[in-house]
Structures are given as C-alpha cells and as structure tokens.
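Student: Have a look at this fold, sequence not included:
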C-alpha cells in the first residue's frame, strides 16, 4: 500500500522529515518495545493495488529509474515534496513494502487509527524533534525495510529544493541505509497546497542514483560533517531530478 508518510489533509503541512535534527543522539535507546510488521498482509496488498490503480488512472504516473532502488536491505526513499499526493505516487518507485511517517493528527480518526499501522504508517509530532518517531524509523530500517521520508520536512512551493532537514542523513548513518532521491514532476499543479481534490493530469517521477550512508569515524561515532555532506549531496540530487521531472511534464 502506498501508505501515509507525510500525509495530511488537503490544507495542512505534512512533512515528517524534520525529525532527527536534534534527537538523533538518543535514537538508539529503548528500541526493544518497537515492532515492525514486514508482512504483505491482505489489507496492505488490497490498498496497494487500489492506490496503484488510482495512480495509473488519474495521474498516468510514469517512473524512470525504478531499478535504482535496491531490492533488499534498508532503504530511505527521499522524494521532493510539493503536493499531498506525493506520498501516493512515490509508492510507484518500488514493489517492496513501504513504511511512512504520518502526522499524528490522523490518529484522531478511530477508523484511520485502526488502518494506518497495518499499511506501514506510524505517527510523528511535527512541532518538535520527535524521538519516538525517530526510534520507529530506525527500527524500520534495522529490519531491512523501506522508509519513505520527505527530507524537506513539509510540503513546499516553488522550484528550489533547499534547507533540507538532516533526519535522512542521521538515519542513514545510524542504520547503514541507502538513500534514494526522487524527483516528482507535475504533482503541484495536480493538487497544490490548500486544494482538497486532485486534477487528473500526468505525473512523472525520476529516481536518482542511490547515495550510500555516511561513514562513521574511527571511533564509531557519527560525524556531523559527514551527515551534512550527505544532506548537501541529497539536496543537489533532488534538485536535478525535480528539474528534469518538471521539464518532462512541462509544469510543476
């Protein structure tokens, strides 16, 4: 299922990439009580097929470079974020099971609170560094799974990819996860921020070259300079992929 990572309603900000910037140092504490469901359960399979059908029918979603996503091992999918529907179309880049962060307000709905965990979603509190969300994200990656995390932290507007949060780099460093940048062209015009319903128009995704996790220092520590270097490399890659994806469809 395409899950709910970075999900929100049609008008709210929804990024989850902000975690980890000042909470990563303690993320390894107390992970024993966090369980990751790696199964393709019936409800997960059903919802994934449903979303795949919607992506094809409504958005004629196309993907270039999907073979760049590793077929095994921990992976962080790091897409540009310009629309609420990015979390839907980003699911097209791989057939592996996906896990997402979703804003905690979605759990206020009893129906969603029952469904979200079964489709790989877990809550994040965006107002501050959410150590619990970071712990869960770390556990997902340590289980060898795929996590979709928007490094911009929330839906943004405009052509520039900048001011990325470093949660992606911290998680990659802690877990050895490969980071896969993704550009998404056309989603902003399909469903801009503030709109409740999408327009059926073509969306194009370009998957970039995987970025290896930052190396630890000789003492096993995570160097902040190295995580910063990964974040800069990620920003440059996403910018290039975003520009190319937009050029392909002729609109943001």
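Tutor: Received it, and whenever you're ready, just let me know what you need. Everything numeric in this text was worked out from a predicted model, so none of it was measured.
Student: what's the closest non-adjacent residue to residue 193?
Tutor: Nearest non-adjacent residue to residue 193, counting by CB to CB, 6 or more residues apart in numbering: residue 155, 5.3 Å away. No exception for glycine: its C-beta is placed from N, CA and C like everyone else's.
Student: Quick one: neighbours of that neighbour, just the number.
Tutor: By the criterion of other CB atoms under 10 Å, residue 155 has 24 neighbours.
Student: any idea how far residue 213 is from it?
Tutor: For residue 155, the distance to residue 213 equals 26 Å [CB to CB, to the nearest Å].
Student: Residue 75 touches residue 148, doesn't it?
Tutor: No. Using CB atoms under 8 Å, residue 75 makes no contact with residue 148, being 9.4 Å away.
Student: Tell me which of these two has more neighbours.
Tutor: Between residue 75 and residue 148, residue 148 has the larger neighbour count (other CB under 10 Å), namely 28 against 24.
Student: which other helices and strands contact the host helix or strand of residue 102?
Tutor: According to DSSP states H and E, residue 102 maps onto strand 98-103. For strand 98-103, the packing partners by 3 or more CB pairs under 8 Å, 6 or more residues apart in numbering; DSSP states H and E come out as strand 121-124, helix 131-142, strand 146-148.
Student: mind listing the helices in the stretch 151-252 of the chain by residue range?
Tutor: 167-175, 187-190, 224-249 (DSSP state H, counting those that start in this stretch).
Student: Give me whichever of those is most buried.
Tutor: Among the helices of the stretch 151-252 of the chain, helix 167-175 has the highest mean neighbour count (mean count of other CB atoms under 10 Å), at a mean of 27.
Student: Just want the angle from that helix to strand 98-103.
Tutor: Calculated by axes from the mean of the first three to the mean of the last three CA atoms, to 10 degrees, helix 167-175 forms an angle of 130 degrees with strand 98-103.
Student: Could you check the angle helix 167-175 makes with helix 224-249?
Tutor: Interaxial angle of helix 167-175 relative to helix 224-249 (the same axes, to 10 degrees): 130 degrees.
Student: hang on, isn't residue 58 packed against residue 198?
Tutor: Yes. Using CB under 8 Å, residue 58 is in contact with residue 198, at 6.6 Å.
Student: surely residue 84 meets residue 192?
Tutor: No. Using CB under 8 Å, residue 84 makes no contact with residue 192, being 9.2 Å away.
Student: Just want to know which of those two has more residues nearby.
Tutor: Between residue 84 and residue 192, residue 84 has the larger neighbour count (other CB under 10 Å), namely 25 against 17.
Student: separation between the more buried one and residue 198?
Tutor: From residue 84 to residue 198 the distance is 8 Å (CB to CB).
Student: Which neighbours do the two have in common?
Tutor: residue 191 (CB atoms under 8 Å, 6 or more residues apart in numbering).
Student: Buried ones in the helix or strand containing residue 50, by neighbour count?
Tutor: Using DSSP H and E, residue 50 maps to helix 42-59. Within helix 42-59, the residues that count as buried by 16 or more other CB atoms under 10 Å are 44, 47, 48, 51, 52, 54, 55, 58, 59.
Student: contacts for that helix?
Tutor: Helix 42-59 is contacted from outside by 1-2, 61, 85, 88-89, 91-92, 97, 115, 118-120, 186, 190, 198, 200-203, using CB under 8 Å, 6+ apart.
Student: need the next SSE after that helix, C-terminal direction.
Tutor: Counting by DSSP H and E, what follows helix 42-59 is strand 62-64.
Student: Does residue 170 touch residue 228 like I think?
Tutor: No. Here residue 170 does not reach residue 228: they are 10.4 Å apart, not a contact under CB under 8 Å.
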